[in-house]
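Asks: Please work out how this folds:
(chains A, B, C and D)
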Number of protein chains: 2
Amino acid sequence: MQDALVRKLESYEVLSEQERRALSALTPHVRQVPARTDLIREGDPPELVHLILEGFACRYKILPDGQRQIMAFFVPGDFCDLNVFILDAMDHSIGTISACRVADIPRNAIDHITENHPRITRAFWWCTLVDEAVLREWLVNLGGRQADQRIAHLICELLTRLEAVGYASDNSFAFPFKQIDLADCMGLSDVHVNRTLRDLRKRGLIALKQRILTIHDSARLKEYCNFTPNYLHLKNARWSDRRTSPWLARSQGG
Amino acid sequence: MQDALVRKLESYEVLSEQERRALSALTPHVRQVPARTDLIREGDPPELVHLILEGFACRYKILPDGQRQIMAFFVPGDFCDLNVFILDAMDHSIGTISACRVADIPRNAIDHITENHPRITRAFWWCTLVDEAVLREWLVNLGGRQADQRIAHLICELLTRLEAVGYASDNSFAFPFKQIDLADCMGLSDVHVNRTLRDLRKRGLIALKQRILTIHDSARLKEYCNFTPNYLHLKNARWSDRRTSPWLARSQGG
DNA sequence: CGGCCCATTGAGCCTCCTCAAGCTTAGTGG
DNA sequence: CCACTAAGCTTGAGGAGGCTCAATGGGCCG
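Replies: Next comes the predicted model:
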C-alpha cells in the first residue's frame, strides 16, 4: 500500500474510493532498494517513473571536479520524475539516502491515469508544481540565507512535508542524512554543517539523537529562518489530527 | 508575430504550417510593458499565462528582510508560468527587466491547444521540463561554483538560449541587466559582481559596451565554467545557420 | 547645470573553507 | 567478549572569498 501518496494527494484533492483503487493499481512493481544506491543516472534514457513509498532519496548531479550537488530530497509519497519521459536523457541522477521501498511505474500506467482520472491527473499536476516551488525555495535558501538559517529552513521544510504524509509526529522525524549530504545540498562544507548543527543544538532549537531529529519549538525555529509554508501549497492541512505515526519503527540505517 | 516562440518550439519538434497558425492565434492580446514593471505579484491568483515576445523578464521573490532573490530570467519565446493556474496563489512575482512585448494568454486558449494539438502540447511540456532543468542548474551554480565561474555560467546559458531563438549573433547579445540584478540572482553582492565582471573583462573572456555583451571566445568561456548545454535539451540546433539577428535594433533600456 | 542612478574602487571584517587531527560509533572476525 | 577497522562526527587553526560601509566617478535627463 502506498499510503503516503494517497495522503499527499488528499492534501490537494478529495479522492473517491475508486480513485484510491486506481492509485493502488499504479504500483504493482515494488522493490526494496538499499541505502546509497542509484535509481537512475545522468545520461540514462528515462523509462520508468519512480515513486518513493518509504525512505529518503535525492536528486543530484556530479560536477566535473567530483563535487556532488543535491537538488532535491524525496520523502515517502514523492514521485521522482513524473513527466520526465518526454526527454531523451536524464540530466541528473537519482539515488537513495536511506533504504527505500520504491515503486517502478511504467509510462503507460501514467497515461492511463491521465486519460481516465481527471482529478488524480490534476493532483499529479499539483505535485509537479509543488516540486518546482520547492526547488525555487531551495534557490532562495542558497542565494539569500546564511548557513544557520539555511539549514533551519531545510529542517522546517522537511517537517512540514513529512507531517503531510504522516511521517512526523511530535515535531520529530527520521533523519538518515549524513552531514555531508546536508553539505552537498546546502552549498556548504561538511565541517561547517557540523558546526552549524552544533550551534542550532546549543540554541535549543533542535536535537539529534540516533538519527531522529526533534524540533523543540517549531514556531521558534520557523521564525528563526523566516519559514513560510505557502510555497508547499497544502490546501487541506488535515494531518494535524493524526495519531502516532509509523515512522518510529522504520528508521532505516544509511 | 511571435517568432521566438516558434523558433524555440521548433528546436524541440518540427511544426506544420497549421500548427504555426494555431500558435499565432494564441496571442491576440499583446501589450507593451515598461522596464521594471511587475506582470504578476506574489499572492495574486494566477489567471493568465504570460509569454515574453520581446525583452527580458525575471521570476523573483522578496524576503522579509527586503532582499530580492531572482529565480529565473525569461527571454523572448519563454512562457512565464505555463501551468500555474492550477494553484490558488502565486508564491513569487514576475517582473520585467527591460521593456517587453508580452502576450497575455487566457487559460482556455491553452486548454484548446492541449485538446487539439498534441505535438504543440508535447513541445509545451518540453518547455516546462527545460525550465525546471534550468532552475536545477541554477541551484548547482549557486551551490557549487564561486563568483567568477557562476557569472560565466549564467552568460553561457543566456548565450545558448538566445541563440536558440535568434536573439544572439556573433557571440553577442543585448544585456539589459543591472549589476544588482546579477547580484540578486547569483547570491552575491553588487560590489562583488562588479569586481567579478571586471576580472572576466581583464581575462579577455567578455566585453560589455552599451548594454551589449560580447563573448570573445565562447569555447574558452564555456570551459572556464564547465558549461555543458545538455540540460537545455535542445534537439535541433538549427539556428547556427541564421542570418543577422534582429536584436541589435532592440536593445531597450533598463 | 544639477540631480539621480548606476558603476567603480578601497578598506576592513566576517562567514565559511581547507587542512589536519582526534574521537565515536558500528560492524567484523577471531 | 574483545581487537581491529572503517566511516562518520567533532574540534582547532589558519586562510580566502565575499560582504559591508563609504567615497568617487560617469552618463543621462530634466
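Asks: What segments of the stretch 151-254 of chain A are strands?
Replies: A:172-174, A:206-209, A:212-215 (DSSP state E, counting those that start in this stretch).
Asks: cool, the stretch 1-150 of chain A as well?
Replies: Counting by DSSP E, counting those that start in this stretch, the strands of the stretch 1-150 of chain A are A:30-33, A:38-40, A:48-54, A:57-62, A:68-74, A:93-96, A:100-106.
Asks: between the ones you listed, which one is nearest to A:Gly204?
Replies: A:Gly204 lies closest, by C-beta to C-beta, to one member of those: strand A:68-74, at 24.9 Å. Placement of C-beta: from N, CA and C, glycine included.
Asks: could you give me the average pLDDT of the closest one?
Replies: For strand A:68-74, mean pLDDT rounds to 98.
Asks: Is it positioned near DNA strand C?
Replies: No. Strand A:68-74 lies out of reach of DNA strand C by C-beta under 7 Å from any atom of the strand, never closer than 12.2 Å.
Asks: close to chain B, is stretch A:194-207?
Replies: No. Taking C-beta under 8 Å from any C-beta of the partner chain as the criterion, stretch A:194-207 and chain B are apart, separated by no less than 15.4 Å.
Asks: returning to that earlier point: of the strands of the stretch 1-150 of chain A, give the one that comes closest to A:Cys127.
Replies: strand A:48-54 (10.4 Å).
Asks: If you tally nearby residues, what's the number for the closest residue to A:His92 other than its chain neighbours?
Replies: In space, and not counting its chain neighbours, A:His92 is closest to A:Lys61: 4.6 Å by C-beta to C-beta, 6 or more residues apart in numbering or on different chains. Neighbours of A:Lys61 under the rule other C-beta atoms under 10 Å in any protein chain shown: 21.
Asks: Against B:Arg136, how distant is A:Lys61?
Replies: As for A:Lys61, its distance to B:Arg136 is 8 Å (criterion: C-beta to C-beta, to the nearest Å).
Asks: Overlap of the contact sets of those two?
Replies: Common neighbours of A:Lys61 and B:Arg136, using C-beta atoms under 8 Å, 6 or more residues apart in numbering or on different chains, are A:71, A:91-92.
Asks: For the residue nearest to A:His92, list the residues it contacts.
Replies: With C-beta under 8 Å, 6+ apart, A:Lys61 has these contacts: A:42, A:68-69, A:71, A:91-93, B:136, B:140.
Asks: and it, what are its bridge partners?
Replies: A:Gln69 (DSSP bridges).
Asks: Using CSV, list the CA coordinates for stretch A:221-230.
Replies: Extracted as CSV, the C-alpha positions of stretch A:221-230 are listed here (Å, rounded to 0.1, in the frame of the first residue of the first chain):
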residue,chain,number,x,y,z
LEU,A,221,12.6,27.5,14.5
LYS,A,222,10.3,28.8,11.8
GLU,A,223,10.7,32.3,12.9
TYR,A,224,14.4,31.9,13.1
CYS,A,225,14.7,31.2,9.4
ASN,A,226,11.6,33.0,8.2
PHE,A,227,10.0,29.8,7.1
THR,A,228,6.6,30.3,5.5
PRO,A,229,5.0,27.2,4.0
ASN,A,230,2.9,28.9,1.4
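Asks: what about that stretch, near chain B?
Replies: Yes. Contact of stretch A:221-230 with chain B (C-beta under 8 Å from any C-beta) involves A:226, A:230.
Asks: now check that stretch, is it near DNA strand C?
Replies: No. Applying C-beta under 7 Å from any atom of the strand, one finds that stretch A:221-230 is not in contact with DNA strand C, the shortest distance being 12.4 Å.
Asks: dump the residue contacts of A:Arg145.
Replies: By C-beta under 8 Å, 6+ apart, the neighbours of A:Arg145 are A:153, A:225.
Asks: any idea how far it lies from A:Val191?
Replies: From A:Arg145 to A:Val191 the distance is 19 Å (C-beta to C-beta).
Asks: Close to DNA strand D as well: tell me which of the shared contacts of A:Lys61 and B:Arg136 qualify.
Replies: Okay, of the shared contacts of A:Lys61 and B:Arg136, nothing touches DNA strand D (C-beta under 7 Å from any atom of the strand).
Asks: and of these, the nearest to B:Leu182?
Replies: A:Met71 (21.8 Å).
Asks: tell me, how many neighbours does the closest one end up with?
Replies: Using other C-beta under 10 Å, A:Met71 has 23 other residues around it.
Asks: count of neighbours near the residue lying closest to A:Arg119 once chain neighbours are set aside?
Replies: Leaving aside its sequence neighbours, A:Arg119 sits nearest to A:Glu13 (C-beta to C-beta, 6+ apart; 5.4 Å). A count of nearby residues for A:Glu13, using other C-beta under 10 Å, gives 16.
Asks: show me the contacts for A:Glu13.
Replies: A:119-120, A:122-123, A:126.
Asks: so which residue of the stretch 151-254 of chain A comes closest to chain B?
Replies: Proximity of the stretch 151-254 of chain A to chain B (C-beta to the nearest C-beta) peaks at A:Gly187, 3.4 Å away.
Asks: Distance check, the residue lying closest to that residue once chain neighbours are set aside against DNA strand D.
Replies: Leaving aside its sequence neighbours, A:Gly187 sits nearest to B:Gly143 (C-beta to C-beta, 6+ apart; 3.4 Å). B:Gly143 sits at a distance of 12 Å from DNA strand D (criterion: C-beta to the nearest atom of the strand, to the nearest Å).
Asks: Kindly report the same for A:Ala123.
Replies: A:Ala123 is 35 Å from DNA strand D, by C-beta to the nearest atom of the strand.
Asks: do A:Arg145 as well
Replies: A:Arg145 is 12 Å from DNA strand D, by C-beta to the nearest atom of the strand.
Asks: Over to A:Ala57?
Replies: Taking C-beta to the nearest atom of the strand as the criterion, A:Ala57 is separated from DNA strand D by 16 Å.
Asks: Name all residues that make contact with the most centrally placed residue in chain A.
Replies: Per C-alpha atoms, centre = their mean, the C-alpha nearest to the average position across chain A is that of A:Phe74, at 2.8 Å. By C-beta under 8 Å, 6+ apart, the contact set of A:Phe74 is A:52, A:56-59, A:80, A:94.
Asks: Check A:Ile94 too.
Replies: A:38-40, A:50, A:57-60, A:74, A:80-81.
Asks: Which pair of these spans the longest distance?
Replies: Pairwise distances across the contacts of A:Ile94 (C-beta to C-beta) peak at 14.1 Å, for the pair A:His50 and A:Tyr60.
Asks: A:Leu158 is in contact with A:Phe173, isn't it?
Replies: Yes. Judged on C-beta atoms under 8 Å, A:Leu158 makes contact with A:Phe173 at a distance of 6.8 Å.
Asks: So which bits of the stretch 51-200 of chain A are right by chain B?
Replies: Residues of the stretch 51-200 of chain A lying near chain B (C-beta under 8 Å from any C-beta): A:59, A:61, A:63-65, A:67, A:69, A:71, A:83-84, A:86-89, A:91-92, A:122, A:125-126, A:128-129, A:132-133, A:135-136, A:138-140, A:142-144, A:184-187.
Asks: what about 7 Å?
Replies: Taking C-beta under 7 Å from any C-beta of the partner chain as the contact definition, the stretch 51-200 of chain A meets chain B at A:61, A:63-64, A:67, A:69, A:71, A:83-84, A:86-87, A:91-92, A:122, A:125-126, A:129, A:132-133, A:135-136, A:138-140, A:142-144, A:187.
Asks: Among those, which ones are in helices?
Replies: A:122, A:125-126, A:129, A:132-133, A:135-136, A:138-140, A:142-144 (DSSP state H).
Asks: ok, and the most crowded of those?
Replies: A:Trp138 (28 neighbours).
Asks: Which residue is the nearest non-sequential neighbour of that residue?
Replies: Per C-beta to C-beta, 6+ apart, closest to A:Trp138 is B:Leu139, 5.9 Å.
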